[in-house]
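S.K.: please find the sequence and the predicted model below.
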Amino acid sequence: MLRLRMYKKSDAKAIVNWLDNKETFTLWGGELFGKYPITEDIINDKYFNHNGDCSENDNFYPMTAFDNNGPAGHFIMRYINGDNRILRFGWVIVDNSKRGMGYGKEMLLLGLKYAFEILKVSKVTLGVFENNIAAYRCYTSVGFRKVSEEYSVFNGQKRKVIELEITEEIFKNL
């Protein structure tokens with residue numbers, strides 16, 4: 001059974017371990033942190049000294065999912081364009097030893113419950129690279145729906161990003 005809490009600096013050690021190869025790092029969106037491999041200090045610097053690259057002061061909420069053995073997953077939440085009714089999830093990752101076991105789905109459901117019931121948002125969005133099929137399936141399994149496809153450039157490479165969203169109404173009816 002997973003629980004959710006605010007991210008702590010010590011969680012970076014687990015995240016760095018989960019990012020054990022360049023492909024996982026890339027699919028996670030790690031290029032926004034710099035080049036592979038990254039360190040605990042790089043993650044904590046971005047989170048605590050640069051507000052996750054969010055320009056608004058109160059707009060970056062890193063979360064950690066944990067079980068009785070410690071951190072099991074991680075994601076961040078931030079509002080979109082200063083609108084506190086739309087929340088975006090990002091940097092979603094699950095302990096590689098627990099992938100395919102429902103941890104990602106459980107973590108996302110906890111995050112969505114927090115978003116809709118505590119933060120009172122009306123919609124949650126996220127983006128996933130088109131070649132990250134496992135993540136796409138996980139997101140749609142909790143009710144996210146595809147709304148568009150966009151191309152973004154990461155490290156000089158054009159990559160297709162599938163934009164997904166879930167509304168409060170869809171979440172309530174799951």
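M.R.: Arrived safely, thanks for sending. Here the structure is a predicted model, which is why all the values come from computation and not from measurement. Numbering: from 1, shown residues only.

S.K.: check which helix or strand residue 135 maps to.
M.R.: Here residue 135 sits within helix 133-141, counting by DSSP states H and E.

S.K.: what of residue 66?
M.R.: Residue-wise, residue 66 maps onto strand 61-67 under DSSP H and E.

S.K.: one step back: list the buried ones in the helix holding residue 135?
M.R.: The neighbour-count check on helix 133-141 (16 or more other CB atoms under 10 Å) flags 135-136, 138-139 as buried. Where C-beta positions appear, they are placed from N, C-alpha and C, glycine not excepted.

S.K.: so the worst-scoring helix or strand of the chain on mean pLDDT versus helix 133-141, what angle?
M.R.: For the chain, the helix or strand with the lowest mean confidence is strand 145-154, at a mean of 88 (criterion: mean pLDDT, DSSP states H and E). Angle of strand 145-154 versus helix 133-141, following axes from the mean of the first three to the mean of the last three CA atoms, to 10 degrees, is 150 degrees.

S.K.: so which elements touch the helix holding residue 135?
M.R.: For helix 133-141, the elements it packs on are helix 103-113, strand 123-129, strand 157-167, judged by 3 or more CB pairs under 8 Å, 6 or more residues apart in numbering; DSSP states H and E.

S.K.: could you list the paired strands of the strand holding residue 66 along with their orientation?
M.R.: If you go by DSSP bridges, strand 61-67 pairs up with strand 3-6 (antiparallel), strand 70-80 (antiparallel).

S.K.: right, so the ones you listed: which one is the most enclosed?
M.R.: Compared across the strands paired with strand 61-67, strand 70-80 shows the largest average neighbour count, a mean of 20 (mean count of other CB atoms under 10 Å).

S.K.: for residue 57, helix, strand, or coil?
M.R.: With DSSP: H, G, I helix; E, B strand; the rest coil as the basis, residue 57 sits in coil.

S.K.: for it, give me its contacts.
M.R.: residue 51 (CB atoms under 8 Å, 6 or more residues apart in numbering).

S.K.: give me phi/psi at it?
M.R.: phi -60, psi -50 (degrees, to the nearest 10).

S.K.: what about it, distance to residue 2?
M.R.: 29 Å (CB to CB, to the nearest Å).

S.K.: now residue 151
M.R.: According to CB to CB, residue 151 stands 34 Å off from residue 2.

S.K.: those two: who's more crowded?
M.R.: Higher neighbour count among residue 151 and residue 2: residue 2, with 20 against 9, using other CB atoms under 10 Å.

S.K.: tell me the contacts of that one?
M.R.: For residue 2, the contacting residues are 65-67, 72-73, 103, 106-107, 110, by CB under 8 Å, 6+ apart.
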